[in-house]
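> Here is the input, now give the coordinates:
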Amino acid sequence: RAMTAENPRGAVEACAEKLQQLQQAEAPAATVVERARLVIEALLTALTALEPRPHGADPDRSLSAPSLVEQLLARTGSLRFAHEDNIAAPTNAGAGGALPRPSCVHGLILGHLLSSSALHGVLEELLESPAVTAAVEVFLKEKCRKVPEAGNFLSKYYLAHGRPTCASNVFQQLAERQDPDIDLLQRTVYLDRALQAAGFALPHSKDHVEELRTKLDIAARVQMPLLRELELLASGGGNNPVVSRSWREAARRQLASFQQLLRLQDLLQAAVDFSLFHIVLVVMDLTSSAQQKEKVAQAWVSLFFPPVPSPYSLSEIVNPDGQPLEHKLFPLLTVRPAAAFFMRNESGPVCRAQPPNFHLRASRLLQELGASTQPARLVWDEH
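Model (predicted):
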C-alpha cells in the first residue's frame, strides 16, 4: 500500500513481475492461483486507498485507478499459468467473431473488481476503454450465469451503446438463471426490464417482444398470485390454522420450486390441484380459444363451488364441527384468509372471513379478477 501511494505505476510493475515469477513456480495449480489472487487483491485494494487527484493535476489520467488497472491488464496479457488450457489462450476471433475466454490472471483481476463495490467505478471505466472493452465484455458474459451484478454491468453498457437486443438478452438470462438467491419478484423485474429493452429494437424485435410479454404475463398474472395462495395454505391461515396438515405440507412441497419461472402448464396443474379456480380463469384468459368455452364455464362454477377435496372445503379443514354453517358454501370466500386474491400491496395480519363481509369479499374477488383479465376475452363472455 505504501508503494502504491508513492509510486503507483511502480507498484503495478512489481505486481506484474510477481505474477511472472509465479508463472515459473513449480507448485500445485491451486497454490499458484491462490498466491496470484493474494498479490492481485493486495494491489487492487491499495488502489482504492489512493487519494483522488485534483482536477488538472494529472491531465493524462495515467495515475488514475482505471488507467493503472488497464496497465496491469496490458502487462499480463500474455501471461498464462501451466494449468490453463487452450480455451484461455489468446486466439484470433473465429468465423463467428467469438472471443477467447479471459486468462486466469485477467479473471482474477476482473473478478475482484466485480466483487468489490469500491472498485465498481473502475470496472465501468474499463468497459469504456477501447483497449480492454472486448475482454471485459467476455468476462462479464461468462460471469453473468452466476453473478447477477455482472449482468447489471453488461446490460447498462449495452443500453448506453445502442445495443438494446443484447441488453434484453442479458436481462432475460438473469430472469431465467437457476439461482436460489433470486426470488420470483426479482425475476419478474428482470423480465420487465428485458421487455423494455427489447422494445427499443422494434420493429426488428417484434417476435422477441411478444415472447417476453407472454413470459411476463405468466409470471406476474399467474405465478405471483399462485405463489401467494400457496404461502397462505402453507401457513394454515394465520395464527389460528384452519387448513389441515396434509394440505399445508402439500403447499410447502409445491413452494419449493416456485421461486423459479415455471411453465404455464405446470402452474395450471398446481392451481387445479389446490382448487384455486380464480387463477385457473386467468390462465384461460391468457390462452383463450373458442374450444375452451365449456371449460371456462366449468371453472366459473368451480370458483364458487369447488370440488369436495379442496383445502378450504368443510370436509377438509381443521375442526369442521366448529365452523358456521355458512362455511359450507363458497369456501374460497368464507374460509380462506381475508387476503387479496391477486394484489400484493396489502399489509397487516390476515384474518378469517366473516359472514357480514361476504358480499365485500365476493365483490373484491370479481374486481381483482377483472383487473387480471381482459374484459373482451372468453373468460367474461356470457358469465
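> With only the CA atoms kept, save the lowest-mean-pLDDT helix or strand in the chain in PDB.
None of the helices or strands of the chain scores lower by mean pLDDT, DSSP states H and E than helix 2-6, at a mean of 72. Coordinates of each C-alpha in helix 2-6 appear next as PDB, following Å, rounded to 0.1, in the frame of the first residue of the first chain:
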ATOM      1  CA  ALA A   2       2.900   2.400   0.800                       C
ATOM      2  CA  MET A   3       4.500   1.700  -2.500                       C
ATOM      3  CA  THR A   4       1.200   2.200  -4.400                       C
ATOM      4  CA  ALA A   5       0.700   5.600  -2.700                       C
ATOM      5  CA  GLU A   6       4.300   6.800  -3.600                       C
END
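> Quick check: buried residues in it?
Residues of helix 2-6 classed as buried: Thr4 (neighbour count, 16 or more other CB atoms under 10 Å). Yep, even glycine has a C-beta here, placed from its N, CA and C like the rest.
> Show me what the helix or strand following it is packed up against.
Later in the chain than helix 2-6, the nearest helix or strand by DSSP states H and E is helix 8-23. Here helix 8-23 touches helix 2-6, helix 29-48, helix 65-75, going by 3 or more CB pairs under 8 Å, 6 or more residues apart in numbering; DSSP states H and E.
> Tell me which of those helices approaches Phe358 most closely.
Among those, the nearest to Phe358 by CB to CB is helix 29-48 (62.3 Å).
> what is the mean pLDDT for that closest one?
Confidence over helix 29-48 (mean pLDDT, whole number) is 91.
> Likewise for stretch 165-174?
Mean predicted lDDT for stretch 165-174 stands at 96.
> So what touches that stretch?
144-145, 148, 151, 154-156, 158-159, 182, 190-191, 193-195, 197-198, 201, 204-205, 208, 212 (CB atoms under 8 Å, 6 or more residues apart in numbering).
> please redo it, this time with the cut-off set to 6 Å
Residues outside stretch 165-174 that contact it (CB atoms under 6 Å, 6 or more residues apart in numbering): 148, 151, 154-155, 158-159, 190, 193-194, 197-198, 201, 205.
> wait, Leu43 sits on Glu17?
No. Contact criterion CB atoms under 6 Å: Leu43 and Glu17 do not qualify, at 11.7 Å.
> More neighbours: these two, which one.
Remark: of Leu43 and Glu17, Leu43 carries more neighbours, 25 against 12, as counted by other CB atoms under 10 Å.
> check contacts around the more buried one.
Cys15.
> so where's the stretch 151-300 of the chain uncertain?
Scanning the stretch 151-300 of the chain for pLDDT under 70 picks out 237-241, 289-291.
> in it, which spans are helices?
Along the stretch 151-300 of the chain, the stretches classed as helices by DSSP state H, counting those that start in this stretch are 164-176, 184-199, 206-217, 224-235, 245-255, 264-273, 277-286, 293-304.
> Same list (those helices) but as a markdown table, adding mean neighbour count and distance to Asn357.
A markdown table is the format used below for the helices of the stretch 151-300 of the chain (neighbours: other CB atoms under 10 Å; distance: least, CB to CB, whole Å):
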| stretch | mean neighbour count | distance to Asn357 |
| --- | --- | --- |
| helix 164-176 | 22 | 38 |
| helix 184-199 | 20 | 29 |
| helix 206-217 | 16 | 31 |
| helix 224-235 | 20 | 17 |
| helix 245-255 | 15 | 24 |
| helix 264-273 | 17 | 25 |
| helix 277-286 | 23 | 18 |
| helix 293-304 | 16 | 16 |
